[in-house]
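# A structural model of the following input is requested.
(2 chains)
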Amino acid sequence: MTIEQQIQTPAPSTPAWAMLRTLGGIAMLSGLLVVLVYQLTLPIIAENQRVMTEKAVFHVLDGAVAKRDFVLTAEDALVPAGEGAEGVHLYAGYDDDGALVGVAFPGAARGYQDVIQFLFGYDPACQCVIGSKVLKSTETPGLGDKISTDAEYLKNFEALDARLDATGTALANPIVPVKHGTKTQPWQVDAISGATISSNAMARAVNDAAQRVAPVVQRELALLSEPNRSEGR
Amino acid sequence: MAELPNQQESLSLDTFVRGLWEENPVFVMLLGMCPVLAVTNTTVNAIAMGLATTFVLVCSSLLVSLLRNWIPKQVRIASYIVIIATFVTVVDYAIQAISLELYAALGAFIQLIVANCVILGRAEAYASKQRLHTTLVNSLGMGAGFTLALLSLGTVREVLGNGTILGIPLFGADFQPWVVMILPPGGFFVLGAWLLLFNWLRLRKERRLQAAAAESAYAR
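Residues are numbered from 1 along each chain as shown, chains lettered A, B, ... in the order given. The predicted model follows:
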């Protein structure tokens, strides 16, 4: 088609209602489909999330087979979850006999790429951190993500000292990261060489969270130890 | 909009294979580079991203082809984007339902499929003009080509950068991973290497054809 011909025969104009009808129809179709899929997948996704949390809690609390959820409110009060209280979620883990194994608590700190989210396990009997798991991380694969794979490094978090000081409101010794191979105290975290920023972030996360959680757990030990058989494994 | 006669493609094997090789969206058309470079650091991510994109590509192409006579040209881009965004949302929920770990690994790139130019390009250049069955075959071919390209990058990067394939270690404990390969620069290196190979093959084929043509002309 030459330019002259194009000018002579202008394209027929589209009526406005045709455009409105098309866009409206497509938007409606889109709305129906999205809502349908959302409703269908909602219970599956909620179940996935529950299983993932449970798996993480049982991972950081070795020996736990049942859990109860608690909320640590902004006023440092500990209340059972599901009563409308808002705050940090803590998970108390219990063994086969219903005895308290420990409390899983979340922690977060800025890593190399973005904020890394962790779950740690705290054993009130030995007053130490007994387990750790990275929940969300965008750290560099092969470097920063070693904080979730390096077995030697993860040993740091299997008996990490988190004793309270005499006042019972803070840790006696803040948990600090140290250069690889220079760990001398049980409250130090031996960093991974080559993943220093990520290991330091993990140490910072556990320290920040434990400073707040450990005193509350020790204070509320009675509430946490209450046997609760109604919530199964 | 009146359609020109004889513009519609008849279905043949070529309708499918074109997307794999001749018009490969990644290696030939260089479209959709954002997921190609960003989520090909492991084989699993590459497969998941490829399949998710293929699903969106096929579904949205089909719907565009189905509605092609009802969509006025003035609102076509808006219509295509709404259609594509719908299927991306569907995939987004589907992946969360399949595995939250996979969802976390793919990160924002699932949502970014909305802006993947392979899909909008197919809707605009093919699905809006062609019949349903050729569109299905063609978009399946393009999706397969895209997945194949992601896989060729993902496999190489995971093997070199982590010494594993699909998470299974290939080499002994002494293997020193070539870490840069799973970092963003590695994506550019590996993509460059594949493009080099593809273009070399293409040029070689052209040279051979030319040589054959010259020979036959000389013989005459």
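
# I'd like the distance from the residue nearest to the spatial centre of chain B to A:Asp150, if you could.
The centre of chain B sits closest to B:Phe146, judged by Cα atoms, centre = their mean, with a distance of 2.0 Å. Going from B:Phe146 to A:Asp150 by Cβ to Cβ, to the nearest Å gives 35 Å. All C-beta atoms are positioned from the backbone trio N, CA, C, and that covers glycine.

# now swap in B:Ile113 and tell me
The gap separating B:Ile113 from A:Asp150 is 34 Å, by Cβ to Cβ.

# Between the two, which has more neighbouring residues?
Set B:Ile113 next to A:Asp150 and count neighbours by other Cβ atoms under 10 Å in any protein chain shown: B:Ile113 wins out with 26 against 15.

# doesn't B:Thr86 make contact with the more buried one?
No - with contact defined as Cβ atoms under 8 Å, B:Ile113 does not reach B:Thr86; the gap is 11.6 Å.

# Could you find the closest non-adjacent residue to the residue nearest to the centre of chain B?
Among residues not flanking B:Phe146 along the chain, B:Pro25 sits closest, at 5.0 Å (Cβ to Cβ, 6 or more residues apart in numbering or on different chains).

# Name the helix or strand for the one you found, please.
According to DSSP states H and E, B:Pro25 maps onto no helix or strand at all.

# I'd guessed it sits against B:Ala144; true?
No - with contact defined as Cβ under 8 Å, B:Pro25 does not count as touching B:Ala144 (10.2 Å).

# one step back: so what's the residue nearest to B:Phe146 up against?
Residues near B:Pro25 by Cβ atoms under 8 Å, 6 or more residues apart in numbering or on different chains: B:19, B:31-32, B:118, B:121, B:142, B:145-146, B:149.

# for the residues you listed, which one is nearest chain A?
Here the nearest of those to chain A, counting by Cβ to the nearest Cβ, is B:Gly121; it sits at 19.2 Å.

# Would you mind measuring from that closest one to A:Leu100?
Counting by Cβ to Cβ - B:Gly121 and A:Leu100 are separated by 59 Å.

# which one is A:Ala210 nearest to, not counting chain neighbours?
A:Ala162 (4.9 Å).

# count of residues packed around that neighbour?
When neighbours are counted by other Cβ under 10 Å, A:Ala162 registers 28.

# That one: what's it in contact with?
A:Ala162 sits next to A:122, A:127-129, A:171, A:175, A:187, A:210, A:214 when contact means Cβ under 8 Å, 6+ apart.

# Compare those residues and tell me which is most surrounded.
Within the contacts of A:Ala162, neighbour counts (other Cβ under 10 Å) peak at A:Val129, which reaches 29 neighbours.
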